[in-house]
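1. Fold the following and give me the result.
(chains A and B)
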Amino acid sequence: MRYNSVYLVKRIGIALVTLYVAVTLNFLLPRLMKGDPASALASEKALGSQEVANALKAQFGLDNPSLWYQYAKYIKQLLHGNLGVSYANFPSPVADVMLKALPWTLGTVLTATLLSYLIGWLIGIRGAWKPGSLFDNSTLFSSFFLSSVPFFWIAIIFIMIFSFYLGWFPLGQAVDPAYDSFAWFDKAKSVLYHAFLPVFTLIIATLAGHILVLRNNLMRVLSEDYMLLAKAKGLRASRRKYMYGARNALLPSFTGLMTSLGHVIGGAITTEIVFSYPGVGMVTFNAILNHDFPLIQGSFLCIAISVIVCNLIADLVYPLIDPRVALN
Amino acid sequence: MKWGSRKTSVMLFSALVVLVGVLNGCSNSSSSSQSGTNGQTDTASSSKPASKGDTVVYHLGETVNPEQVTNFNPFLATGNWSPFFDYVFDPLYYFNPVKGELVPRLADSEGSWSEDNKTYTVKLNMEAKWQDGTPLTIDDVLYSFNTLKDYKVLDRYQLWGEGRLQEVTAQGSDTVVFKLSNTFPSLPFYLTTVYIVPKHQFEKEDPSQFLNKQPIGTGPFKFKSINESAIVLDKNADYFLGAPNIDQLFVDRFNNSSTLTLALEKGDVQGSTGTVAMPSVPKLLENPVNKLQVYPGLNTFSVIMNNEKPGLKDSAVRRAIQLAIDRKSLIEKGESNGVFPANPGFLSSVFSDMADTGLIDNAAFAYNVNEATKLLESDGYKKNSKGIYEKDGKKLSFTYHMAANAPAQNKEGAMITEWLKNIGVETTVKLVTWPELTKLLMSGDYELLQNGLQTPPDPQAQLEIFHSKMTAPTGENTPGLNYMRFRDPEVDQWLDQASSADAATRKELYQKVQARISEQAPVAVMYNVGGHIPYRTDQFTNYNEDLPVTSALSLMQVKKK
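-> Sure, this is the predicted structure:
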């Protein structure tokens, strides 16, 4: 181990304090929005009846308007692992709503993030090895073109071409409507088939940045003296490229990857809307529109935890992959 | 060096092969399902055939978000997609918005009033059966209504409120008696809002919390399963009003109207219960197999005005604002003719026997810039150097709230604020969320606000929006939908009389109220949203256009061509 226990405790301590601040902000932010969910619901569904609004407030636990009371209740619930009950999904618990949406988000956004980095890195390495080559120029140009147009536009164009006109893919949704009657193998196929276009567009939309960061870093590393020495020693090109060049050039991209992974759980709202795909993004978005405080809190809490945990992992792993970084 | 670059190429190529493989696998799945070897329904890759072997499948598309399928409990206002209940459950009567009339469902026929108009008796159709095979009993009906009494939070329309239901009892084994504490002629309309639930399933649960994941109704369709993309319903072959002709009803779930409309255009779905991307309607209707059924409804979009605010206190200003709105243009450009012109007297034309529909085309309330400016000038307003009218140094400048993230609303808001400028009324647009709009309406902290006003299917409830008992001074929350803070003692008196009058007197009183509302213009009406139902006619026929074509009663008659 390259770091001592003081370093570990300090990092974990900072993570916990950040988490506490996030939890508190989580509580406060939705309440800064004007409008009271119970009255809005009564107005929409019960002719604005105050009686129904009051009954709903009691049901939602909003009958005591004191923020301190609600805060204490919220913290107490959290410590018991209870995220509360969603208003818009009443009486379903927030955890159930989140758990239903989470697998779809992880399946698409996580896969897309990992593949996008992997493909971006591979293209970046090859481009840096021969800068200015046909491959380098064409991949840079096309990925930049695709990244500079709005993501939803690419998604819509893909749907129109591949789903509407060619009929290769579904127009949206996560599975076939008749999914329930499928055998397990067809179920898996249906999930993959429906996830393909959303994942593909997410990869295309984020690729350029990953290519560029690695390509430029690698070009800088390749100009270092030790690379020349390695060549002079007669090391194989592939060894120089991957073990000497890419390994050093990857370090800044690794931090980028960990940050992206932290945000995976937030979902990809545009993808979800355009592809009618379920996921955390849409759940959070609707929760905000519905002033569903517990659900907003639950979903932001998940995002906060995943960002904090990924950052912590990055902090702890970094000294292992870059021996020059000594942390104590 | 050469080897290295080849390796990268190999890796990239392999990735491509994997992608193509997935693609290939998928197209195989669609072809194998088309061959129909395993008895499963096809995948979504191509236009869905209406039948699979002998099974006739109807795909209805809707925007059904995850928060709309967390329960199937018809008592709950949240966590469900309400049209579901029309297919699986039955109320005593169904309100048919196309004709504005009640259609018996679990009731055997029209109910009867006692002489003093305080008792309403309904005979049940005892042929009805629960989908688990248990026969419907009168206890189920009593339980459903009494639950609203026991759980206030579920009694959304105050059926057990003051002057309304006092007791619901059985008379013999097939007749329900609704006893009222005062006359309440609208009761039959409210009976349409209560779905009858099986007592034997619900009594073991707390009905205000019950998720009812396996719903059992008496309706024409039975719940089969639900997944991320569809709610699957089977036909109820034992339905007491006749078995549906289609075997399965899929409610295909989308989370936006654009994709749903594309699916309609492609033929993946056959219709919706009312959701369609309005800007795509002209394109959709270019194909003659696509139809759009439009009928008036219970939601009237308006520029709601706080009648207590300076300037808006003045009925001449409110009338001028109403005259500045070109309703025809709004309906054509903003809503692609998918909505109905609203009645300046407010009562929806869905209540065809009560509504003064003559007001809709009355030139005195139609778009007229000259008339609007004349009205303002005769009221003492003069244009200032910027072309804005003012009186006593106060100019006609108002905040204009509308919903954020609502493109059609925003487009219409832009049209309206431009028209207001044409008559010398200045506006400052503010975009807020839907719940915030409600909060502003309730507290009165607004001047002009664009939103819908929706009521249950009852003309009295719709006009009582203008009753002073439904309002409160600016700064206090209103107890009802009179967000305008409109007060007119005569209107109150007419409505109070109407609440217990016979049909002919009610009609007369409602005409008076409508005339007064159109003169006083407490709101500037835009259009009336009921149904705009898109549906395809290439694979299915026999839609009942006297009903909403995709409602349960129409869909059970629909046949495969």
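2. buried sites along stretch B:108-125?
-> B:108, B:111, B:113, B:117, B:118, B:119, B:120, B:122, B:123, B:124, B:125 (16 or more other Cβ atoms under 10 Å in any protein chain shown). C-beta here means a position set from N, CA and C on the backbone, and glycine is covered the same way.
3. Low-confidence ranges, the stretch 201-328 of chain A, go.
-> A:267, A:325-328 (pLDDT under 70).
4. mind putting the buried residues of stretch B:108-125 in CSV, secondary structure included?
-> Formatted as CSV, those follow (DSSP: H, G, I helix; E, B strand; the rest coil):
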residue, secondary structure
B:108, coil
B:111, coil
B:113, strand
B:117, coil
B:118, coil
B:119, strand
B:120, strand
B:122, strand
B:123, strand
B:124, strand
B:125, coil
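5. least confident pick among the residues you listed?
-> Across those, the smallest pLDDT goes to residue B:117, namely 86.
6. Now do the contacts for it.
-> Applying Cβ atoms under 8 Å, 6 or more residues apart in numbering or on different chains, we find residue B:117 in contact with B:183, B:185, B:500.
7. try residue A:300
-> So residue A:300 contacts A:22, A:26, A:29, A:284 (Cβ under 8 Å, 6+ apart).
8. Helix or strand: which one has the third one?
-> Translated: residue A:29. helix A:5-32 (DSSP states H and E).
9. Does that helix reach chain B?
-> No: under the criterion of Cβ under 8 Å from any Cβ of the partner chain, chain B is not reached by helix A:5-32; the shortest gap measures 11.2 Å.
10. Return the set of buried residues in that helix.
-> A:7, A:11, A:15, A:19, A:22, A:23, A:26, A:27, A:30.
11. after the strand or helix carrying residue B:524, next one along is what?
-> Here residue B:524, judged by DSSP H and E, is contained in strand B:523-536. Next helix or strand after strand B:523-536 toward the C-terminus (DSSP H and E): strand B:540-541.
12. which outside residues touch that following strand?
-> B:50, B:58, B:246, B:270, B:558, B:559, B:560, B:561.
13. could you redo the last one with a cut-off of 7 Å?
-> Outside strand B:540-541, the residues that touch it by Cβ atoms under 7 Å, 6 or more residues apart in numbering or on different chains are B:50, B:58, B:270, B:558, B:559, B:560, B:561.
14. pLDDT on the next helix or strand after it, on average?
-> Next helix or strand after strand B:540-541 toward the C-terminus (DSSP H and E): helix B:552-555. Mean pLDDT, helix B:552-555: 95.
15. Show me what the next helix or strand after helix B:552-555 is packed up against.
-> Next in sequence after helix B:552-555, counting helices and strands by DSSP H and E, comes strand B:559-560. The contact analysis (3 or more Cβ pairs under 7 Å, 6 or more residues apart in numbering or on different chains; DSSP states H and E) places strand B:559-560 against strand B:540-541.
16. Let me see the contact set for the residue lying closest to residue B:186 once chain neighbours are set aside.
-> Distances taken as Cβ to Cβ, 6 or more residues apart in numbering or on different chains put residue B:458 closest to residue B:186, at 4.2 Å, once the chain neighbours are dropped. Residues in contact with residue B:458 (Cβ under 7 Å, 6+ apart) are B:186, B:189, B:190.
17. what's the answer for residue B:136, then?
-> Shown in contact with residue B:136 (Cβ under 7 Å, 6+ apart): B:126, B:128, B:129, B:130, B:218.
18. Provide a list of residues in contact with the fourth one.
-> Applying Cβ under 7 Å, 6+ apart to residue B:130 gives the contacts B:136, B:198, B:216, B:218.
19. part of a helix, is the last one?
-> No: using three-state DSSP, the assignment for residue B:218 is coil, not a helix.
20. so it touches residue B:90, yeah?
-> Yes: between residue B:218 and residue B:90 there is a contact at 4.8 Å, judged by Cβ atoms under 7 Å.
21. Identify the contacts common to these two.
-> Going by Cβ under 7 Å, 6+ apart, residues that sit against residue B:218 and also against residue B:90 are B:106, B:128, B:196.
22. Can you check these and name whichever has the most neighbours?
-> residue B:106 (28 neighbours; other Cβ atoms under 10 Å in any protein chain shown).
23. Give me the buried positions along stretch B:158-176.
-> B:158, B:159, B:160, B:164, B:165, B:168, B:174, B:175, B:176.
24. Out of those, flag the one nearest to chain A.
-> Nearest to chain A out of the buried residues of stretch B:158-176 is residue B:158 (Cβ to the nearest Cβ; 6.1 Å).
25. which residues in the stretch 51-200 of chain A form helices?
-> Assigned by DSSP state H, counting those that start in this stretch, the helices in the stretch 51-200 of chain A fall at A:67-79, A:94-105, A:111-129, A:134-148, A:151-158, A:184-222.
26. Go through these and name the closest to residue B:492.
-> When these are compared by Cβ to Cβ, helix A:67-79 sits nearest residue B:492, at 39.4 Å.
27. And the helices in the stretch 151-300 of chain B?
-> Applying DSSP H, counting those that start in this stretch to the stretch 151-300 of chain B gives helices spanning B:187-191, B:199-202, B:257-266, B:281-285.
28. got a list of contacts for the third one?
-> It stands for helix B:257-266. A:164, A:171-172, A:276, B:47, B:61, B:63, B:252, B:254, B:269, B:272, B:275-277, B:280, B:284, B:534, B:536.
29. Show the buried residues in the contacts of residue B:458.
-> Buried among the contacts of residue B:458 (16+ other Cβ under 10 Å): B:186, B:189, B:190.
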